[in-house]
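Peer 1: sequence? don't have it. structure:
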């Protein structure tokens, strides 16, 4: 400690230091006056030794220098002024009396690491060993050497050392427990006070009798009786330990020590034998007092620890019983009332609602002044009120202990305890007891939460079962469940109605009794462990034949793999079967009608084609004769010939469509030079008029395909005729041919009206006509593109269209290349134009 800090501390402690010095002086004077042995020239015990050690143990370490200085100054003044001893001896004894409590308190603090309350046997052992024997042994070296040098050189150093050692150690053992446990004074009932007074009076009478025996000839028998009575004193110490604890033992020891020390200093007592020196008699008295005091303190501490453990176990048992009785906040309130005053003077159990600072007290017990600061309304102002670790802190004139209530790693509340009496701190055992109590409260809260969750889950399950039961009973589909022995567990009304079972309850009945047709289905489902679906059954229900569709599925538990039963679904398909019968009849009739239509069209086409062929030949002969002699009649005849050719084309389309439907379309495959075919058709196409131009782009080389030349010509002519038909006058038709990989593609583009997007997928259907092209203007049966698609597919090719409304269409077909010569990428230098 720095010099300035020491001065400030000493100044603030000056009034208490004066009081401590006066108490020290009083105890020292009493020791010198009443417990000094003239024959032995030594003290029986040094009372200030126990007071100074208790003073350091009950105060903060930062105040120790002030107390050590007080002890040193007081002892020096007593030796110099009161006894008139030499300065060197006075200072040496003052140094020894100052070092002794400082060493003892340091050892006890370092080893025990807790306040010394003598509530455990190990604390009594530490007080006797580390607080009394070891420090007195060290101080005895200093004091014995100084006494042998300045006071009595004729007395051996060992006698000085042993007398100092035992006297100071006995002073610590006799006086130290009184100052460590008597303040603040415990609350004792009036009857207990009377009992304690009786105990002390009896012990004083016994002690006066034993230690008043004079040491003279003729007292041998009296000494023997005194020793016998002295052993009876042990019963009084056991009485004190059992009924009054450490404080009672300390008081009883003090009474015995005062009487024994007073008489021992005057040569009386059972140890003053004729053969013993005064020094030996004094040592025997000191040893008796030390052993008796140590054993009594050990007994009192052990009893106190056992009682505390029993009270703690009883408190936990009662709290567990309270928490087990109910799962609401009333249980926590009862626990709080049980804790006070057993474990603390005030107890508040709070639960968290919302945020970590929103604590609601559910259990409050204790006096009003003790509860101040414990309630969450004020505790919430502290930012670490809900710390996960154990929290303790000073609270006005007491000590507070705060513990969190942890349920599955989630802080759900806190337990706050408060002890108002100064010095009654929460020891390690108290904290362990409080932690166990907090853990059990947390388990109760967690159990309550789980109970609420379970109740909610049960309620939800019941609601779900009720909904499922409603669905099963009102569903139009039949449901039934069977166990592994094919015994019916449950079935709804629809199941009974569909199978014609009436209102008979099917539960506990075998599947063979309900419907024998279900047995193979259920057994197969149980054997395979997989669903077996859509087995059609015919049942006689309510006077009519009905058809049902039956499916079975295995029933498994959440953890099991083998099915423990099977479920059955029954669905009425009578109406569907009737509709299917109607559909089948209508389809058969439609197919018959289509076949009759196709036969009629084929027959009509043949019948129409028969007279048209000679008519066309005859008109060709007439036209050749009229061209030179009658040009005007030749032109009229040419128009009639065009109508005849158009009629022939329509008839051919009808015949070919009929052949496609019957699979009789003839295809004669042979190698065909496609480039030459396209050039030939394009150059001789008769439908191009003066207002239509043709742009042909085929490139160099030749691409061969395996196909029917006449059929491929028919495809190309159909595409060109459509391009002319749907193109405005003055429009340019573009025909391109290109080899792309293993196929050759031919495109015919026109600047016509285009095809609507929603109709492009139906362009190649039979009898399709675009809705944006009136029949009167364009004519046709809608069979040309249908025949083109079938012809190209017969060649292993394909055809598609790309169109844009108002800007024309592009029809492209592709065929596999049979043999392709090198085709240069160079296009024809200029487009060729034909006009007829």
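Peer 2: Cool, got the structure. Everything numeric in this text was worked out from a predicted model, so none of it was measured. Numbering: from 1, shown residues only.

Peer 1: from here on, contacts and neighbour counts on C-alpha atoms
Peer 2: Noted.

Peer 1: and residue 342, that's in a helix?
Peer 2: No: the secondary structure assignment for residue 342 gives coil rather than a helix, going by DSSP: H, G, I helix; E, B strand; the rest coil.

Peer 1: state the distance from it to residue 241.
Peer 2: As judged by C-alpha to C-alpha, to the nearest Å, residue 342 and residue 241 stand 20 Å apart.

Peer 1: more neighbours, these two?
Peer 2: Remark: of residue 342 and residue 241, residue 241 carries more neighbours, 25 against 13, as counted by other C-alpha atoms under 10 Å.

Peer 1: does that one touch residue 299 like I think?
Peer 2: Yes: with contact defined as C-alpha atoms under 8 Å, residue 241 counts as touching residue 299 (6.4 Å).

Peer 1: isn't residue 343 up against residue 430?
Peer 2: Yes: using C-alpha under 8 Å, residue 343 is in contact with residue 430, at 7.4 Å.

Peer 1: neighbour count winner among the two?
Peer 2: Between residue 343 and residue 430, counted using other C-alpha under 10 Å, residue 343 has the larger neighbour count: 21 against 17.

Peer 1: the more buried one: what's it in contact with?
Peer 2: residue 430 (C-alpha atoms under 8 Å, 6 or more residues apart in numbering).

Peer 1: and if we set it to 10 Å?
Peer 2: By C-alpha atoms under 10 Å, 6 or more residues apart in numbering, the residues touching residue 343 are 308, 311-312, 315, 417-419, 426, 430-431, 433-434.

Peer 1: can you list the domains in the chain?
Peer 2: 3-305, 326-452, 475-572, 579-658, 667-820 (automatic domain parsing).

Peer 1: just to revisit the earlier point, mind listing the shared neighbours of residue 241 and residue 299?
Peer 2: residue 249.

Peer 1: on that earlier part again, which residues do residue 343 and residue 430 both contact?
Peer 2: What both residue 343 and residue 430 touch, as defined by C-alpha under 10 Å, 6+ apart, is the set 308, 312.

Peer 1: what secondary structure does residue 571 sit in?
Peer 2: Under three-state DSSP, residue 571 comes out as strand.

Peer 1: that one and residue 368, how far apart?
Peer 2: Taking C-alpha to C-alpha, one finds residue 571 at 75 Å from residue 368.

Peer 1: what of residue 446?
Peer 2: 30 Å.

Peer 1: which of the two has more neighbours?
Peer 2: residue 446 (19 against 8).

Peer 1: so what's the closest residue in space to that one that isn't next to it in sequence up against?
Peer 2: Using C-alpha to C-alpha, 6 or more residues apart in numbering and skipping the chain neighbours, the partner closest in space to residue 446 is residue 407 (5.5 Å). The contact partners of residue 407, by C-alpha under 10 Å, 6+ apart, come to 413, 439, 441-447, 449.

Peer 1: could you pull out the strands in the stretch 601-750 of the chain for me?
Peer 2: 670-673, 693-697, 703-707, 732-740, 743-750 (DSSP state E, counting those that start in this stretch).

Peer 1: do the stretch 1-150 of the chain as well
Peer 2: Under the criterion DSSP E, counting those that start in this stretch, strands of the stretch 1-150 of the chain are mapped to 36-37, 42-43.

Peer 1: could I get the phi/psi values of residue 328?
Peer 2: Backbone geometry at residue 328, expressed as degrees, to the nearest 10, gives phi -120, psi -180.

Peer 1: sketch out the low-pLDDT regions of the stretch 101-250 of the chain for me.
Peer 2: Applying pLDDT under 70 to the stretch 101-250 of the chain picks out residues 183-188, 214-228.

Peer 1: any idea how far the residue nearest to residue 446 lies from residue 798?
Peer 2: Taking C-alpha to C-alpha, one finds residue 407 at 74 Å from residue 798.

Peer 1: coming back round to it: could you turn the buried ones of the contacts of residue 343 into a ChimeraX selection?
Peer 2: Applying 16 or more other C-alpha atoms under 10 Å to the contacts of residue 343, the buried members can be selected in ChimeraX as follows:
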select :308,312,315,417,418,419,426,430,431,433,434
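
Peer 1: and the strands of the stretch 1-150 of the chain, which one averages the lowest pLDDT?
Peer 2: Among the strands of the stretch 1-150 of the chain, strand 36-37 carries the lowest mean pLDDT, at a mean of 56.

Peer 1: mean pLDDT per helix and strand in the chain: which one sits at the bottom?
Peer 2: strand 391-395 (a mean of 42; mean pLDDT, DSSP states H and E).

Peer 1: mind putting the strands of the stretch 601-750 of the chain into a markdown table with mean neighbour count, distance to residue 85 and mean pLDDT?
Peer 2: Shown next, in a markdown table, are the strands of the stretch 601-750 of the chain (neighbours: other C-alpha atoms under 10 Å; distance: least, C-alpha to C-alpha, whole Å; pLDDT from 0 to 100):
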| stretch | mean neighbour count | distance to residue 85 | mean pLDDT |
| --- | --- | --- | --- |
| strand 670-673 | 15 | 148 | 90 |
| strand 693-697 | 21 | 143 | 84 |
| strand 703-707 | 22 | 142 | 90 |
| strand 732-740 | 19 | 132 | 89 |
| strand 743-750 | 22 | 135 | 91 |
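
Peer 1: to residue 158, which of the ones you listed lies closest?
Peer 2: strand 732-740 (125.5 Å; C-alpha to C-alpha).

Peer 1: how about the closest residue to residue 337 other than its chain neighbours, what does it touch?
Peer 2: Nearest residue to residue 337, sequence neighbours excluded (C-alpha to C-alpha, 6+ apart): residue 365, at 5.1 Å. Residues in contact with residue 365 (C-alpha under 10 Å, 6+ apart) are 333-341, 344-349, 371, 417.

Peer 1: three-state assignment of residue 365?
Peer 2: Here residue 365 is strand, with the state taken from three-state DSSP.

Peer 1: ok so, going back, just the buried residues out of the contacts of residue 407, in ChimeraX syntax.
Peer 2: In ChimeraX, this line selects whichever of the contacts of residue 407 come out buried by 16+ other C-alpha under 10 Å:
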select :413,439,441,442,443,444,445,446,447
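
Peer 1: quick check: which ranges of the stretch 701-836 of the chain have low pLDDT?
Peer 2: 770-781, 819-836.

Peer 1: so which strand or helix has the closest residue to residue 444 other than its chain neighbours?
Peer 2: Once flanking residues are discounted, residue 444 sits nearest to residue 323: 6.2 Å by C-alpha to C-alpha, 6+ apart. For residue 323, the element it lies in under DSSP states H and E is helix 278-325.

Peer 1: surely residue 404 is in a helix?
Peer 2: No: read with three-state DSSP, residue 404 is strand and lies in no helix.

Peer 1: what's the neighbour count on it?
Peer 2: Residues near residue 404, counting by other C-alpha under 10 Å, number 26.
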